[in-house]
Each structure stands twice: as structure tokens, then as C-alpha cells.
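Novice: model the structure of this input:
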Amino acid sequence: MRENPPGLVRPRRDRLLDLFREAGYSNLLDEIEPIIRSAIQITPEPVGDERIPVGSSKFGGDPDLPDGFDWPTATSGPLAFIAQIDLAVASRADESFLLPTDGLLSFFHRDWWGDSCPEGGFGVALTTAGTPLIRRPAPDGIENLVANGHGRWRACGLRFDSIASIPTWDDLGAQGHSSLSDAVYNLLIPISGEQGCRHTPLNQMLGHAHPIQHSIDVQAGGVADASNWIPLLQLDTDDRPGWMWGDMGMIYFMIRRQDLSRADFSNVQCIAEW
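Specialist: Okay, here's the model as predicted:
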């Protein structure tokens, strides 16, 4: 696992443009501005699950679910709980105004080596605001899904920060932005906290996905519909909750913009890369 520099937050839009100017790339501002997207950086902080209020955002621990909720399962058994997002809090950092502004979004996943997101191997559920919640332990048979053998990832409280998001330098090159790709490569550390250098886990919502191998947007929607797909939640290998996806990889819960605008999470896709 990689070390996590504390408090490292990627820049917002205005600061990102300033970094381009300061580095002598003012001639590229007209090219970079249209492709900047607002995103939400997620910073986890390990803490005892009992210290996280019911219904609050977190990675790991036990989920907070309504009474009678059917725990998501795959053909080979239950899925592991990985995260819940209090949209009333997370949406305050959403400068694109895409996220719903209330409700609790819960994420489940079953990790297989070599194929982290097979059909039925993940789940996303929205609990409407005001629904009574109970903290629910993982069901039997889930222990081997989590590296620590206890059936749950390490509980972490979450902080949400508004950031600017741009495609990775290799994605820019593939899209025909060769000069911009070179500039982004040269500015990797200041513009995105090691985007591409892989020192700081890139946990985020919205913005541009950060592929390791191939375009995540294209994998989700095909070439024709790629621009409509955005990361609902991108989770990096991270030693704070204690997870590693494949060989130091990421998982991406991708959603179409129009589905997100309707708070429809029934067609989310999960993609894994390492």
C-alpha cells in the first residue's frame, strides 16, 4: 500500500488555471478551460465505527440501513459493504450541482482477483432522507471478502472538498490534446496531488475518472456515449480503510448524467482496473 500525505487537497478551478499561467502555459488556457469539470475529493480518516454517527458518510465499518433492507448478494454469496455517502453533506462540495441534495447512498462490492466487478458483483442503494436507520453487522459468509478477515473494512470518517478535475495526461493525448497533455504531465504533482504518480489515493465523486489502463468513460458507455458517463464514486487502493483493488488498482462506479439528475441508480456500472 502507498503512504498517504495528510491533508493534500487538489486545487480548485481558479488555482488550477493559475498554475498553468505560472508555469508559462497561458497559451493553453482556452484549450483547458472547456474540459475542466468540478469534482469532489474524498479524504478518509480512520476512526472507530462507534464514533461515526448513524447516517454519516464513511468508508468501511458496518452500514446504516433501513429496517428490512435486503443485503445485496451475488450468486456466490453476500457483497461486502464499502462506503456510504450522506448526500446532504457531500453535495455541499458539488460545484457542478449534479448530486442529489439529500439521502444516503450505500455501496457494496464483491472482490474477485482478476475480475473485481463481474455481473451482480456490486450494489448501489439510495435510502431517502428521513428514513430510520440501524447499524447492521455483515452477514455470515462475508469474512473472506475483506483482507483483514473480519468481514468489514476499517471504518473511516470522510471529508469532502471541491476540486477541479481534468483528464489524465495520457487521456488528453488520446483525445488529440498533445500540447495540453505535455503541460499536464509536467504539472502532475502541483495540479493534482500526484495524479498519475500514484502517491495520493484518488478517491473522488464526479469529475473525470482516472484510468490506469483504458478510458473508463468508453468502457462504461462506448465511444458514442462516453461523454455522458461520469464517476459516481471512484475508489483507489488506500491503506486507511485497508483495501487494495487487484494490484494497486481502482474501482469506478460510473453513472450517466441523466440518471444522476433523476437520482436513478439502477443502471450504475462498476469497472475495475489495475
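Novice: relative to Ser215, how far out is Ile52?
Specialist: Separation of Ile52 from Ser215 (CB to CB, to the nearest Å): 35 Å. For every residue, glycine as well, the C-beta is placed using N, CA and C.
Novice: now Gln204
Specialist: 17 Å.
Novice: neighbours around the residue lying closest to Ala174 once chain neighbours are set aside, how many?
Specialist: Using CB to CB, 6 or more residues apart in numbering and skipping residues adjacent in sequence, the residue nearest Ala174 is Ser215, 7.2 Å away. For Ser215, the number of neighbouring residues by other CB atoms under 10 Å comes to 19.
Novice: the stretch 51-200 of the chain: strands as residue ranges?
Specialist: Secondary structure of the stretch 51-200 of the chain by DSSP state E, counting those that start in this stretch: the strands cover 58-59, 64-65, 73-74, 77-78, 80-86, 104-109, 122-127, 134-135, 156-165.
Novice: now distance to Gly176 and mean neighbour count too, for those strands, in CSV please.
Specialist: Shown next, in CSV, are these (distance: least, CB to CB, whole Å; neighbours: other CB atoms under 10 Å):
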stretch, distance to Gly176, mean neighbour count
strand 58-59, 37, 27
strand 64-65, 46, 22
strand 73-74, 40, 17
strand 77-78, 45, 16
strand 80-86, 35, 25
strand 104-109, 34, 24
strand 122-127, 33, 20
strand 134-135, 50, 13
strand 156-165, 19, 20
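Novice: so for Thr200, which of those strands sits nearest?
Specialist: Closest of the strands of the stretch 51-200 of the chain to Thr200 is strand 156-165, at 11.9 Å (criterion: CB to CB).
Novice: below-threshold pLDDT in this protein: ranges please.
Specialist: 1-8, 111-120, 143-151, 188-199 (pLDDT under 70).
Novice: from the centroid of it, which residue is nearest?
Specialist: Relative to the mean C-alpha position of the chain, the nearest C-alpha, by CA atoms, centre = their mean, is the one of Gln234, at 2.0 Å.
Novice: do I have it right that that one meets Met205?
Specialist: Yes - applying CB atoms under 8 Å, one finds Gln234 in contact with Met205, separated by 7.4 Å.
Novice: okay, and the beta partners of Pro231?
Specialist: Under DSSP bridges, the beta-bridge partners of Pro231 are Met254.
Novice: separation between it and Trp245?
Specialist: Using CB to CB, Pro231 is found at 14 Å from Trp245.
Novice: looking at the two, which is more packed in?
Specialist: The residue with more neighbours, out of Pro231 and Trp245, is Pro231; 26 against 21, by other CB under 10 Å.
Novice: wait, what's in contact with that one?
Specialist: Going by CB atoms under 8 Å, 6 or more residues apart in numbering, Pro231 touches 204-209, 216, 252-255.
Novice: of those, which is the nearest to Asp238?
Specialist: For these, the nearest to Asp238 is Gln204 (11.9 Å; CB to CB).
Novice: any idea how far Thr128 is from the closest one?
Specialist: Where Thr128 is concerned, Gln204 sits at a distance of 25 Å (CB to CB).
Novice: also Leu260?
Specialist: From Leu260 to Thr128 the distance is 16 Å (CB to CB).
Novice: who's more crowded, these two?
Specialist: Leu260 (17 against 11).
Novice: the helices in the stretch 151-274 of the chain, which residues?
Specialist: 169-174, 178-186, 188-192, 216-225, 257-261 (DSSP state H, counting those that start in this stretch).
Novice: export those helices as CSV, with columns for distance to Asp94.
Specialist: Below are the helices of the stretch 151-274 of the chain laid out as CSV (distance: least, CB to CB, whole Å):
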stretch, distance to Asp94
helix 169-174, 22
helix 178-186, 24
helix 188-192, 19
helix 216-225, 19
helix 257-261, 11
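Novice: out of these, flag the one nearest Glu33.
Specialist: By CB to CB (comparing all of the helices of the stretch 151-274 of the chain), the closest turns out to be helix 178-186, at 10.9 Å.
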